[in-house]
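Chemist: My questions are about this predicted structure, shown below with the sequence.
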Amino acid sequence: MRRFIFLTVSMLFAIVLPAQDTSQQVVAGRLNAIAQRSKPYVILISADGFRYDFATKYNAVNLQRLAKQGVQAEYMQPSFPSLTFPNHYSIVTGLYPAHHGLVDNSFYDRQRQVLYSMSDRKMVQDAYWYGGEPLWVLAEKQQLLSASYYWVGSEAREEGIAPSYFYYYSDKVLIEQRLAVVKQWLQLPEEKRPHLICFYFPQVDHAAHLFGPESPETAEAVRWVDEAVGNMTRLTDSLGLPVNYVFVSDHGMVKVNNEKAMGLPAALDTNRYIVSRGDAILQLYAKDGHGIRKQFRKLRRTQDGYTTYLKKQLPAHWHYGVKDDRYQRIGDIVLIPTYPKIFGAFSKKITPGKHGYDPLMPEMRASFLAWGPGVANAGLVPAFENIHVYPFVAGLLGLSYDPATIDGKGTVLSKYLRLNSQP
């Protein structure tokens, strides 16, 4: 495999976490139920920042070939905000961010009176922050084993349940080693073999942030991921198992005006508001709950390069307003930069590639491809929201779920399932 040189996750805007145990974590004593052992397998792959057009734009030969064997969405629409943690967790819960609790990469929790940060290892592993029922919890509760090689939420124990096999996030593990682990998982005895495997690639997001989405470095990162996916499929094909692949991304990427990033608005009273750390969205939380409208009017009168919203005024298609805020984690006032503007108050260096804008913005569109024995050969299909991936994966695995507990609708993608492939 070609060697692509990255600045690692010590860089800004990557998932910045301290040095961590790189050994496999195994939950002892779990076995697939006898009735589950003949079920097919699903490898759910996320390529962070892999914009909907990157596969064709940068000639990802393996992904283009594999898409022709199954289904590819015109694009997949991320949830608001179009950021990494909220959308990865929306994909595996079928819930909008305001419904599962990860409303931003950084947000204030009124109950604990603390700012959540995706770079805080203890927070990342604390189930308190994660609502909904992720796919691995759904599977494990039905005695179908799961595994995760990095996915948002998989290091915590939602409902007290972690995947049977998982790893703490680290940028130190070579792709060859990670692929070897996937093969090892699928070679375990039937009773111990995971049927759901979640797998994460950060490379495209890193390159597009640092160099911009139109850069040679991003093109090389796309081809690197493409080659890794090609190697993974060849590896699993050699095992003769009914393996289905679902390849997604969390959001797209766009070039911004990083030369003139905006600081905090002069009209903002920082003594009275807690401010989330962000660049494409700033959440303002009133410390005492008073004077919110007065502060809002002041910001609105002087706004330049951004739009000011009260929580109850946020656009309905974001599913991010007062009625949606189940965990009371959305700011009292929300500031959204006007593209190509970006906030830069919390960064020493503003990189040219960004995301987090309105999901309807074409450059925020994500990717969706699926192929395998359980996937219909439907070719290019209409766009849909990422909340609908959850029931699709559940359908591939023959898992039951309560439709009332998720925002995703099974009917959106069920037409692309080959139901006769299910045992």
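Modeler: Sure, I can see it.
Chemist: Strands of the stretch 301-423 of the chain, residue ranges please.
Modeler: Listed in chain order, the strands of the stretch 301-423 of the chain (DSSP state E, counting those that start in this stretch) span residues 306-310, 333-337, 353-354, 368-371, 379-381, 384-385.
Chemist: so what does the last one touch, helix or strand wise?
Modeler: Right, the one you point to is strand 384-385. Strand 384-385 is packed against strand 76-77, with contacts defined by 3 or more Cβ pairs under 8 Å, 6 or more residues apart in numbering; DSSP states H and E. The C-beta positions use only the backbone N, C-alpha and C, and glycine is treated the same way.
Chemist: after the strand it packs on, next one along is what?
Modeler: With elements assigned by DSSP states H and E, the helix or strand that comes after strand 76-77 is helix 84-93.
Chemist: rewinding a little: need the strands of the stretch 301-423 of the chain in TSV (columns: mean neighbour count and mean pLDDT).
Modeler: Rendered in TSV, the data for those read as follows (neighbours: other Cβ atoms under 10 Å; pLDDT from 0 to 100):
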stretch	mean neighbour count	mean pLDDT
strand 306-310	19	98
strand 333-337	24	98
strand 353-354	26	98
strand 368-371	26	98
strand 379-381	13	97
strand 384-385	20	98
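Chemist: mind putting those in CSV, distance to Asp109 included?
Modeler: Formatted as CSV, the entries for those read as follows, by distance: least, Cβ to Cβ, whole Å:
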stretch, distance to Asp109
strand 306-310, 20
strand 333-337, 16
strand 353-354, 25
strand 368-371, 31
strand 379-381, 38
strand 384-385, 26
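Chemist: Quick one: closest of these to Phe85.
Modeler: Taking Cβ to Cβ as the criterion, Phe85 comes closest to strand 353-354 out of the strands of the stretch 301-423 of the chain, the separation being 15.4 Å.
Chemist: which residues are in contact with that closest one?
Modeler: 49, 208-213, 218, 253-256, 258, 279-280, 342 (Cβ atoms under 8 Å, 6 or more residues apart in numbering).
Chemist: how about the helices in this protein?
Modeler: In the chain, helices defined by DSSP state H lie at 54-57, 61-67, 84-93, 97-100, 121-124, 135-141, 175-186, 203-211, 216-237, 292-302, 389-397, 410-413, listed in chain order.
Chemist: Okay, buried residues for the fourth one please.
Modeler: Read that as helix 97-100. Using 16 or more other Cβ atoms under 10 Å as the test for burial, helix 97-100 gives Pro97, Ala98, His99, His100.
Chemist: returning to what we had before: of all the strands of the stretch 301-423 of the chain, which one is nearest Trp151?
Modeler: strand 368-371 (16.3 Å).
Chemist: Can I get the closest one in PDB, CA atoms only?
Modeler: As requested, C-alpha coordinates have been extracted for strand 368-371 and formatted as PDB (Å, rounded to 0.1, in the frame of the first residue of the first chain):
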ATOM      1  CA  PHE A 368     -22.900   6.700   0.900                       C
ATOM      2  CA  LEU A 369     -22.100   3.500  -0.900                       C
ATOM      3  CA  ALA A 370     -23.100  -0.100  -0.100                       C
ATOM      4  CA  TRP A 371     -22.400  -3.500  -1.700                       C
END
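Chemist: List the strands paired with it, with their directions.
Modeler: Each strand paired with strand 368-371, and its direction, by DSSP bridges: strand 71-73 (antiparallel), strand 243-248 (antiparallel).
Chemist: Same list (those) but as CSV, adding mean pLDDT and mean neighbour count.
Modeler: Below are the strands paired with strand 368-371 laid out as CSV (pLDDT from 0 to 100; neighbours: other Cβ atoms under 10 Å):
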stretch, mean pLDDT, mean neighbour count
strand 71-73, 98, 24
strand 243-248, 98, 24
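Chemist: out of these, which comes closest to Gln25?
Modeler: When the strands paired with strand 368-371 are ranked by proximity to Gln25, the top entry is strand 243-248, at 22.9 Å, counting by Cβ to Cβ.
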